[in-house]
Each structure stands twice: as structure tokens, then as C-alpha cells.
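S.K.: fold the following and give me the result.
(one chain, ligands or ions: 2)
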Amino acid sequence: MALEDTNNLPPSPAPSTPRPGGPVRKYKIETEIVYSESPDQYRSSSVPIYQTATFKQASGSEMGEYDYTRSGNPTRTHLERHLAKIMGANRVLAVASGMSAMDVIARILRPGDEVIAGDDLYGGTNRLLKYLSTNGDITVHHVDTTVVERVTEKLTEKTALVLLESPTNPLIKICDIPTITKLVKAKRPQTVVAVDNTMMSPLGMSPLDFGVDIVYESATKFLSGHHDLMAGVIAVNDEELGNRLFFTINATGCGLAPFDCWLLMRGVKTLAIRFEKAQSNAQHVAERLEAAGFKVRFPGLKSHPQYDLHWSMATGAGAVLSFETGDVETSEKIVEGARLWGISVSFGCVNSLISMPCKMSHASIDPKVRKERALPEDLIRLCVGIEDPEDLVDDLAHAIVVAGAAKPEAFATK
Ligand SMILES: Cc1ncc(COP(=O)(O)O)c(C=O)c1O
Ligand SMILES: N[C@@H](CCSC[C@H](N)C(=O)O)C(=O)O
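M.R.: Ligands and ions are numbered 1, 2, ... in the order given. Take a look at the predicted model:
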């Protein structure tokens, strides 16, 4: 593929080759993440930021490749092509946030349609689904997706979308994506199966390989990695579905702005090294917390009820874990007692974060619904970053001991 061809619309992943004219081959994801060729006339190593709303035409009748940044922009195209390669997709679309990605996907729904989603899922996703069921004549079934039959028994001819998260945010439940997808497609081929892969990133799991129709992620998290931008990405293999989603993005104007595309492109290049370190830190923290006597939810622990299922789909455990203390006040003291762990929503950042989902990321879910879905009010979520693992354990252990939730000996190393 010649360099000048790498900018054609509609975007599709360019096979990598270190030098134009060299042998075309696909490299391991860690290599693909850092390797990219910019279509820039000066062969810039970093893609230029095309900070422009409009593109001039040669004449009134000759359209260039781009006319208006809402419809397309070279910096966005470059990012989308790069991500398509990494996500193993034919097409990736970059939008203003993870929720924007979800909104674009939800616009395939028509009044009267039904959606099947998890009973443990990100609070913002729950809020959008609730909005659609209240205002859009959409019926949403929230089921325990860890039990395949709970999903399939809700399938009807009206089911337009099955929406899965694995691990879920914040209870770290795992669902069998390949089996659910196979059964849904066998019974209702037209039903779209979408996976929110934010917790895993393309490094940890590639749900498109399981036959799902859409994978989307909040790129605000691991993909960008520094909590300095909001973005969402949508990956598909089917051309027609990609065109439908692109239509909505162009029609509503939620395409990612050029500067944020550039920032995301810059951030994603360190994904492999950040994700690897954050995962190994999370494993360390999870093991130390479990050894101290806490019930820890993390798929890297053998005690996780769906440990084998998770590892049959994923190559890593991610870097988000949660645990309970048995008491809301104690949990609050721990969160407020930590110094190194920032009290903040979100995850996938280089810095470690601590939060109480029921008061923060999932506060938009009605307390009554939280109770029905057995979301513990005292749950603490840890989103592990890339600091020194012992510093993280020391700081957390100190907060836990001061809060009276464990004795110092619980954290002593043998
Ligand atoms: C699992 C999950 N999906 C989607 C989102 C939405 O992403 P954004 O905040 O970028 O809109 C979030 C967090 O916000 C999330 O945790
Ligand atoms: N006030 C925000 C909360 C965002 S939560 C971000 C992230 N997904 C997380 O799980 O921490 C809102 O209401 O959406």
C-alpha cells in the first residue's frame, strides 16, 4: 500500500510495513500500537493536527477528500485507521466520549425495540438506557449476564440490541461473550451484539474475534491513559453497520475533535507498557488485600468465581478491582485516608484512584435499584495505575488500618 493511499475514505486498517514497498506483514499488537505512517507531505513522525473546520475545494464541482471536519478530518482518519489495526476491526469511528459512542450505537434502535443489558453496568450506561426506556418507547431488560440463560430467555423478535460488559463496572462480573453471541445470532441473526470493552482495552480482550457486531470503549480510560481528554471509539467489521454508525456521527456532529484525536493518538502509543504495568500492580494489590482478609473482586485472583471463563476470553485481568468492608463509614474513612490514591471517578489512568461507586460513578442509579441489583453501598473500587506497587500497598494499608478495618499485621510480608 502506497503512503498516499493511507488516507482514503472509508477508512480500513492498513497492513503494516516498516517501509513503503517492503514486505507487508501484521505485527504483534505491541508493535502495531507504536508503528504508524502519517500521510503528511513532510513525512512528520507525529500526525499533524488539522485544526480546521473547513477544507477548500478546487472548484465548485470538484469535491476533495474532506470538506468539513464534522464529516471527516485527516487527523481523525489517521487515528481511526490506527485504532482499527489495533482493535482488529475493519472500521473504527472516534467520537466525543464513551457515552457518545453508546449514544451513536443506541440510535440504531426504533420505538418498540427491546434491549438486553447487564444488571451490573456503568452508571452512565444505565442512565442512557433508562432515558431510552422512559422517553423512547424502548424496553430494557437488565439481567444477570453471568448466567447465559438469563440473556437468551429474554430474546424475542423485538430484541434489537444485546449489550454486554465483561468484567462489569464495578462488581467485576464476567459473562460468556462467545456463547451468548453464538446463541443470540443463532436465534435472532438481526440482533446487534455490542460489547463495552472499556475495562479490558484492546490489549486485554478482542471481542470482535468472538463474532460480536460492535465493540466500543471509553477512550477516556486505558486507550488515552492520562485523564487529559474525553473520547469514545466504536469498532465494527460489517461495512453496512459501519456506514450506519458513521451516518449518525455526521448527522449529530459528535466526531472527535482534531486536537483530541491527536492527544489520543499520542496516548495510545504507550498503551502496552502502561496496561502491562497497571495490571501487574493490580494483581499485587489484589493479592495483598485478599491475604489481609478482604473479599476482593478481581479476575486475576483464583478465588474469582469466573476465573476460568475470564481467562478463556482475555489475555489479562485488567487493573480495576473492588472490595467491601462491611460498613459504609469504614469505607469512607479508607477512601479519605488514602494519600497516594486519588479520590476520583474513572480508571485506566497512569495514576491510581480510589472511589465509592454508589456515591460517585454509579450515584445516578436510583438507590432502590442499586439495592435490588445487590450493589453494596460500602463497595470500594480501586483503579490501579503505574506507580511502585509497594508504595500503593503501603498507602492503602495505612488507610485501612487507621480506619480500623484491619490490624497492621494483616499486611505484614512473610
Ligand atoms: C465501562 C464504561 N463504559 C463507558 C463509560 C463512558 O465513558 P465516558 O466517560 O468517556 O463517556 C465509562 C465511564 O465513564 C465506563 O466506565
Ligand atoms: N458524574 C459522572 C460520573 C462519571 S463516572 C466515570 C467512569 N465511568 C467511572 O466508572 O468511574 C456521571 O454522572 O456520568
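S.K.: contacting residues around stretch 117-126?
M.R.: The list of residues contacting stretch 117-126 from outside it, by Cβ atoms under 8 Å, 6 or more residues apart in numbering, reads 98-99, 102, 129, 140-145, 162-165, 168-171, 173, 175, 196, 198, 357, 361-365, 373, 375. Glycine gets a C-beta too; all of them are placed from N, C-alpha and C.
S.K.: average model confidence for that stretch?
M.R.: The average pLDDT for stretch 117-126 rounds to 97.
S.K.: can you check stretch 213-228 too?
M.R.: The average pLDDT within stretch 213-228 is 98.
S.K.: and it, anywhere near ligand 1?
M.R.: Yes. Judged by Cβ under 6 Å from any ligand atom, stretch 213-228 comes into contact with ligand 1 at 218, 220.
S.K.: got the buried residues for that stretch?
M.R.: Across stretch 213-228, burial judged by 16 or more other Cβ atoms under 10 Å covers 213-225, 227.
S.K.: if we look at ligand 2, which of these are close to it?
M.R.: Among the buried residues of stretch 213-228, proximity to ligand 2 is found for none (Cβ under 6 Å from any ligand atom).
S.K.: keep the contacts of stretch 117-126, but drop any that are not near ligand 1.
M.R.: Restricting those to those touching ligand 1 (Cβ under 6 Å from any ligand atom) yields 98, 99, 165, 169, 196, 198.
S.K.: still on that earlier bit, among the buried residues of stretch 213-228, which one sits closest to residue 283?
M.R.: Nearest to residue 283 out of the buried residues of stretch 213-228 is residue 222 (Cβ to Cβ; 15.9 Å).
S.K.: give me the distance between that closest one and residue 172.
M.R.: In this view, residue 222 and residue 172 are 16 Å apart by Cβ to Cβ, to the nearest Å.
S.K.: before we move on, the earlier item: so which of the contacts of stretch 117-126 belong to helices?
M.R.: Judged by DSSP state H, helices contain the following of these: 98, 99, 102, 129.
S.K.: isn't the second one right next to residue 220, touching?
M.R.: No. If you go by Cβ atoms under 8 Å, residue 99 and residue 220 don't touch, sitting 9.5 Å apart.
S.K.: quick one: contacts for the residue in the stretch 1-150 of the chain positioned nearest to ligand 1?
M.R.: Nearest residue of the stretch 1-150 of the chain to ligand 1 (Cβ to the nearest ligand atom) works out as residue 98 at 2.2 Å. Taking Cβ under 8 Å, 6+ apart as the criterion, residue 98 is in contact with 124, 196, 198, 216, 217, 218, 219, 220, 221, 230, 231, 232.
S.K.: inside strands: which ones of those?
M.R.: Of the contacts of residue 98, the ones assigned to strands by DSSP state E are 196, 216, 217, 218, 232.
S.K.: what is the nearest of these to ligand 2?
M.R.: Taking Cβ to the nearest ligand atom as the measure, residue 218 is the one of the ones in strands among the contacts of residue 98 closest to ligand 2, at 6.3 Å.
S.K.: can you get me a residue count around whichever residue of the stretch 151-300 of the chain sits closest to ligand 2?
M.R.: Residue of the stretch 151-300 of the chain nearest ligand 2, by Cβ to the nearest ligand atom: residue 169 (5.3 Å). Using other Cβ atoms under 10 Å, residue 169 is surrounded by 27 other residues.
S.K.: just give me the neighbour total for the residue nearest to it when sequence neighbours are not counted.
M.R.: The shortest distance from residue 169 to any non-neighbouring residue, by Cβ to Cβ, 6 or more residues apart in numbering, is to residue 122 (4.7 Å). Residue 122 is flanked by 25 other residues according to other Cβ under 10 Å.
S.K.: burial of the closest residue to residue 142 other than its chain neighbours, as a residue count?
M.R.: Spatially, and ignoring its direct neighbours in sequence, residue 142 is nearest to residue 119 (4.4 Å; Cβ to Cβ, 6+ apart). Residues lying near residue 119 (other Cβ under 10 Å) number 20.
S.K.: separation between residue 119 and residue 145?
M.R.: Distance, residue 119 to residue 145, using Cβ to Cβ: 8 Å.
S.K.: how near is residue 146 to residue 175?
M.R.: According to Cβ to Cβ, residue 146 and residue 175 sit 6 Å apart.
S.K.: okay, these two: which has more neighbours?
M.R.: Higher neighbour count among residue 146 and residue 175: residue 175, with 26 against 20, using other Cβ under 10 Å.
S.K.: what about the more buried one, distance to ligand 1?
M.R.: Residue 175 sits 13 Å away from ligand 1, going by Cβ to the nearest ligand atom, to the nearest Å.
S.K.: and that residue, backbone torsions?
M.R.: Dihedral pair for residue 175: phi -120, psi 150, per degrees, to the nearest 10.
S.K.: nearest residue to it in space, please, no chain neighbours.
M.R.: residue 145 (3.9 Å).
S.K.: which pLDDT value belongs to that neighbour?
M.R.: We have a pLDDT of 98 for residue 145.
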